[in-house]
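[1] Sequence and predicted model, in that order:
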Amino acid sequence: MVIHLEDKELAKRLLAGDERAFARFFDDYFSRLFRFAMMRLSGDEDAAREVVQGAMIKALRNIHGYRGESALYTWLCVICRNELTDWVRRNTRYRQHLVLTEDRPEIQAAIDAFNAPERDEPPERCRRDELSRLIHVALDNLPARYGNALEWKYIEGHSVREIALKLDISPEAAQSLLARAKRAFREVYSTLLEPVVSPVAPQGSR
Amino acid sequence: MEKGKSNRTNKDRKAGNADALETLFRQVSSRPEPSRQVREGVRSAVHGEWRAVTARRHWRRRTIGLAAAASVALVFTVLVLNATRQSPSTDLREMARVERVIGHVRVLANQTAERGAALALQTPVYQGQSLRTGEDSGIALRLPGGTSLRLDQNSELRLLDVRTVALDSGRVYVDSQTRASENGLAEVASPGLAVVTTRGVVRHLGTQYMVRVAESGLRVSVREGRVAFESGDSKSAPLFVSGGEELAFDGQGGPALITSDPDGEQWLWAEQLGAGFVMEGRPMAEFLEWVAGETGTEVVYLSGEAKGVATRTKLHGTVDLPPRRALELVVPTSDLSAEFRNGTIEVKLKR
């Protein structure tokens, strides 16, 4: 069983009332949870705000129960999903709850453990919008520094030096972080891609 | 395959993967971010709740020596406590009226037969009944004479008689609506309410205070004024606790007197249960005094003109909000501005 020590340490500092821990908690997770909710609420910003606020408050009330057995983001997503379900129940216009690829339990487990097999070929058969969404989801499922570093480098075009300044680390450390981030992204992204690119077995085959 | 060729193939494959990844990223835009307004709004709400959660868990300890209270200005009736619960009286004497209810609160006729009934506003509660709150619920009562009694979530309170309640678990807040004078005597000689616990009895001397009973012990926090605490031991002198102090009993050890922030988040739950303020026709000055009373602070006018405006400005309507939120909404409608600072509400003229 993997214990996410860094997340557990953050939870401990939150319980202790450390303001910097709160700042880190909010900055690292709010945007990701907001995107998580927005995707499931058809882009309704007001609804997403209500759901995420409720989820984060509930999480902080129960942070003493977080044991580090899953990534903190995964734990938060579980709470957020429950808040979404409750919100959908209260708001009948969202009666048909949106289920996304990455909500499947086996995918969640794989994302959390980073155990997905590598894929060598880019997903050429994906539609562009779904591709974009899956990439964003994969970035959000990485540790915040990894997701941010990849986005800054490869989407926004920042140099390694600029990334190092943003993260307050040396350029060498930023380079190393980018390498680790790419490996981690590949694993997570491959897992998300599997249900999309795996061919459907013809009926009657073993 | 030769090893060298295999290595070059692996290296080429890794380079190919890196190129594919970069190609992939170039096809998408940055992840969308919530607006600054949304971010700040949620941050503020979540931060406030987090502070309340940590304040309930966090206690600062400082033990000071307690001198014997040689000169006792007041005489108290000591209620002897025993291990078994007292049987509630069957006397249906009205003790208080429900002023506010949050969530579902049950009133129990007696402890053995739990015939719970839901409570509504202005419902009378009677001597001999018990009140039980659950998760995210609370109740405020108004006693004859004006004392406000507020019960927090996950708490149980027994109404023993018109001046005595027993806190079995959780937290109760008492605002006697009178203010202690310098010598500790209440300015208005209203009958004092006694809060009975398994550790002892707390009786106010004109004050706002809170009693918390938990498995770990007892806490008596005083926001304003003074309380006297008497244990069941007749040889022990009463302990006095003043505003900004907290008497803490943990485990089997002796009591400790520690500081308590009268303006801290631990009081917020009680503010949420306060009744609203009926503004119609009443001056702003009275509204400000109400906010100060509810928040354990004091109104300070930064100029005579500001005080004059507060006295002359008449308000309309009713505000049924917690006091801090009410202040934010009401004061800006006038020529005044008001701000919480260092335990006071500073009021001045708008420029």
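    Ah, there it is.

[2] Grab the most central residue of chain A for me.
    A:Asn141 (2.5 Å; CA atoms, centre = their mean).

[3] Check which residues of the longest helix anywhere in chain A are buried.
    Taking DSSP state H as the assignment, the helix of chain A that covers the most residues is helix A:171-197. Across helix A:171-197, burial judged by 16 or more other CB atoms under 10 Å in any protein chain shown covers A:174, A:177-178, A:181-182, A:184-194. For the C-beta atoms, the positions are set from N, CA and C on the backbone; glycine is no exception.

[4] Let me see the mean pLDDT of it.
    Mean pLDDT, helix A:171-197: 82.

[5] how about A:Gly68, secondary structure?
    Secondary structure state of A:Gly68, per DSSP: H, G, I helix; E, B strand; the rest coil, is coil.

[6] tally of neighbours for it?
    A:Gly68 has 19 neighbours, counted by other CB atoms under 10 Å in any protein chain shown.

[7] Chain B versus that one, what's the distance?
    Between A:Gly68 and chain B the computed distance is 19 Å (CB to the nearest CB, to the nearest Å).

[8] Tell me, please, the helix or strand in the chain that averages the lowest pLDDT.
    With no chain named, the answer covers chain A. Among the helices and strands of chain A, helix A:105-113 carries the lowest confidence by mean pLDDT, DSSP states H and E, at a mean of 53.

[9] you looked at the wrong chain, it should be chain B
    strand B:117-118 (a mean of 55).

[10] what does chain A have sitting close to chain B?
    Proximity of chain A to chain B, by CB under 8 Å from any CB of the partner chain, involves residues A:14-17, A:22, A:26, A:30-31, A:34-35, A:38, A:45, A:48-49, A:52-53, A:56-57, A:60-61, A:118, A:120-122, A:128, A:131-132, A:135-136, A:139-140, A:147, A:150-151, A:154-156, A:182, A:185-186.

[11] Now with 7 Å, please.
    A:15, A:17, A:22, A:26, A:30-31, A:34-35, A:45, A:49, A:52-53, A:56-57, A:60-61, A:120, A:122, A:131-132, A:135-136, A:139, A:150-151, A:154-156, A:182, A:186 (CB under 7 Å from any CB of the partner chain).

[12] Buried only: go through those residues for me.
    A:15, A:22, A:26, A:30-31, A:34-35, A:49, A:52-53, A:56-57, A:60, A:122, A:131, A:135-136, A:139, A:150-151, A:154-155, A:182, A:186.

[13] Keep only those of those that are in helices.
    Short answer: these in helices (DSSP H) are A:15, A:22, A:26, A:30-31, A:34-35, A:49, A:52-53, A:56-57, A:60, A:131, A:135-136, A:139, A:150, A:182, A:186.

[14] For the residue of the stretch 201-350 of chain B found nearest chain A, which non-adjacent residue is spatially closest?
    As assessed by CB to the nearest CB, chain A sits closest to B:Glu265 within the stretch 201-350 of chain B, at 10.3 Å. In this structure, B:Glu265 finds its nearest non-sequential neighbour in B:Ala55, 3.9 Å apart by CB to CB, 6 or more residues apart in numbering or on different chains.

[15] ok, and that neighbour, which helix or strand is that part of?
    helix B:36-57 (DSSP states H and E).

[16] Which other helices and strands does that helix contact?
    Judged by 3 or more CB pairs under 7 Å, 6 or more residues apart in numbering or on different chains; DSSP states H and E, helix B:36-57 is in contact with helix A:19-40, helix A:45-61.

[17] could these go into TSV alongside mean pLDDT?
    Converted to TSV, those look like this (pLDDT from 0 to 100):
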stretch	mean pLDDT
helix A:19-40	93
helix A:45-61	93
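
[18] can you give me the strands in the stretch 1-150 of chain B?
    B:94-102, B:105-108, B:117-118, B:124-126, B:130-133, B:138-142, B:148-151 (DSSP state E, counting those that start in this stretch).

[19] So which residues make contact with the fourth one?
    Counting by CB atoms under 7 Å, 6 or more residues apart in numbering or on different chains, the neighbours of strand B:124-126 from elsewhere in the structure are B:92-98, B:107, B:131, B:141, B:159.

[20] redo that, cut-off 6 Å
    B:92, B:94-97 (CB atoms under 6 Å, 6 or more residues apart in numbering or on different chains).

[21] ok, of those residues, which come out buried?
    By 16+ other CB under 10 Å, the contacts of strand B:124-126 give B:95-96 as buried.

[22] B:Pro283: how many residues sit nearby?
    Neighbours of B:Pro283 under the rule other CB under 10 Å: 16.

[23] got it, and B:Arg325?
    With other CB under 10 Å as criterion, B:Arg325 counts 12.

[24] What residues does the residue in the stretch 51-200 of chain B that chain A sits nearest to make contact with?
    For the stretch 51-200 of chain B and chain A, the shortest gap (CB to the nearest CB) falls at B:Thr54, measuring 3.9 Å. For B:Thr54, the contact set (CB under 6 Å, 6+ apart) comprises A:Gly17.

[25] try it again with 8 Å
    A:14-17 (CB atoms under 8 Å, 6 or more residues apart in numbering or on different chains).

[26] Quick check: end-to-end length of stretch B:145-161?
    15 Å (CA to CA, to the nearest Å).

[27] The residue lying closest to B:Leu288 once chain neighbours are set aside: what secondary structure?
    Counting by CB to CB, 6+ apart, B:Val299 is the residue found nearest to B:Leu288 once chain neighbours are left out, at 4.8 Å. Assigned with three-state DSSP, B:Val299 falls in the strand class.

[28] so B:Val299 sits right up against B:Phe287, yeah?
    No: B:Val299 lies out of contact with B:Phe287 (CB atoms under 8 Å); the separation is 10.0 Å.

[29] More neighbours: those two, which one.
    Taking neighbours as other CB under 10 Å, B:Val299 and B:Phe287 compare with B:Phe287 leading, 25 against 19.

[30] which element is that one on?
    B:Phe287 belongs to helix B:284-295, assigned by DSSP H and E.

[31] so what does that helix touch, helix or strand wise?
    Helix B:284-295 is packed against strand B:298-301, helix B:304-312, helix B:323-330, strand B:336-341, strand B:344-349, with contacts defined by 3 or more CB pairs under 8 Å, 6 or more residues apart in numbering or on different chains; DSSP states H and E.

[32] Correct me if wrong: A:Trp87 contacts A:Val51.
    Yes: counting by CB under 8 Å, A:Trp87 touches A:Val51, with 5.1 Å between them.

[33] Might you calculate how far the helix or strand harbouring B:Ala166 sits from the centre of the chain?
    Taking DSSP H and E as the criterion, B:Ala166 maps to strand B:164-175. Taking CA atoms, centre = their mean, to the nearest Å, one finds the center of strand B:164-175 at 12 Å from the center of the full chain.

[34] Pull out the CA atoms of it and give them to me as CSV.
    The C-alpha coordinates for strand B:164-175 follow below in CSV (Å, rounded to 0.1, in the frame of the first residue of the first chain):
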residue,chain,number,x,y,z
THR,B,164,-30.8,25.8,36.8
VAL,B,165,-29.7,23.8,33.8
ALA,B,166,-27.5,20.7,33.6
LEU,B,167,-25.0,20.4,30.7
ASP,B,168,-24.5,16.7,30.1
SER,B,169,-22.4,17.0,26.9
GLY,B,170,-21.4,19.6,24.3
ARG,B,171,-21.4,23.4,24.7
VAL,B,172,-23.8,26.0,26.0
TYR,B,173,-23.4,29.8,25.8
VAL,B,174,-25.0,32.1,28.3
ASP,B,175,-25.5,35.8,27.8
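
[35] what angle separates it from helix B:284-295?
    Orientation check (axes from the mean of the first three to the mean of the last three CA atoms, to 10 degrees): strand B:164-175 against helix B:284-295 gives 130 degrees.

[36] Quick check: buried residues in strand B:164-175?
    B:164-168, B:170-175.
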